[in-house]
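K.L.:
return atomic coordinates for the entry below.
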Amino acid sequence: MIYSRFGTKLTPLSKEQDASGRITIQVAVEDADGTRDYALNDLTADDGMPEITDVVTRLPWKVMPKKEPRRSRHVR
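P.N.:
Have a look, this model is predicted:
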């Protein structure tokens with residue numbers, strides 16, 4: 001089981017990596033609406049870091065919506 005550093009139960013949903021290589025995971029929080037992002041160092045687990053690493057490796061990568069191409073604003 002994965003927890004926040006304050007002991008709240010978390011359900012991992014996906015992972016994301018920023019430009020500097022830092023991985024965060026998106027989670028559902030017990031008894032809360034919506035999702036939140038957590039850095040790996042803000043997590044704890046029953047079996048410690050090996051459990052966190054195992055869960056993160058099995059998570060899918062977060063899919064970002066594609067941005068629409070910018071349209072030309074030429075006035076005719």
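K.L.:
which ones are touching residue 12?
P.N.:
Residues in contact with residue 12 (Cβ atoms under 8 Å, 6 or more residues apart in numbering) are 2, 25-27, 55-56, 59. To be clear about C-beta, it is placed using only N, CA and C from the backbone, and glycine gets the same treatment.
K.L.:
please identify the helix or strand for the residue nearest to residue 39 when sequence neighbours are not counted.
P.N.:
Nearest non-adjacent residue to residue 39, counting by Cβ to Cβ, 6 or more residues apart in numbering: residue 24, 5.4 Å away. Residue 24 belongs to strand 23-29 when elements are defined using DSSP states H and E.
K.L.:
what about that strand, distance to the chain center?
P.N.:
3 Å (Cα atoms, centre = their mean, to the nearest Å).
K.L.:
which strands and helices lie in contact with that strand?
P.N.:
Applying 3 or more Cβ pairs under 8 Å, 6 or more residues apart in numbering; DSSP states H and E, we find strand 23-29 packed against strand 9-17, strand 35-39.
K.L.:
parallel or antiparallel, which strands does it pair with?
P.N.:
Using DSSP bridges, strand 23-29 pairs in its sheet with strand 9-17 (antiparallel), strand 35-39 (antiparallel).
K.L.:
what's it in contact with?
P.N.:
Under Cβ under 8 Å, 6+ apart, the answer for strand 23-29 is 2, 4, 8-18, 35-40, 43, 56, 59, 62.
K.L.:
mind checking the SS state of residue 6?
P.N.:
Applying DSSP: H, G, I helix; E, B strand; the rest coil to residue 6 yields a three-state assignment of coil.
K.L.:
mean confidence score for stretch 31-39?
P.N.:
Per-residue pLDDT over stretch 31-39 has a mean of 93.
K.L.:
what are the buried residues along it?
P.N.:
residue 38 (16 or more other Cβ atoms under 10 Å).
K.L.:
now do it: distance from first to last residue.
P.N.:
From its first residue to its last, stretch 31-39 covers 20 Å (Cα to Cα, to the nearest Å).
K.L.:
still on that earlier bit, now the strands paired with strand 23-29 as a markdown table including distance to residue 50?
P.N.:
Listed next are the strands paired with strand 23-29 as a markdown table, based on distance: least, Cβ to Cβ, whole Å:
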| stretch | distance to residue 50 |
| --- | --- |
| strand 9-17 | 15 |
| strand 35-39 | 18 |
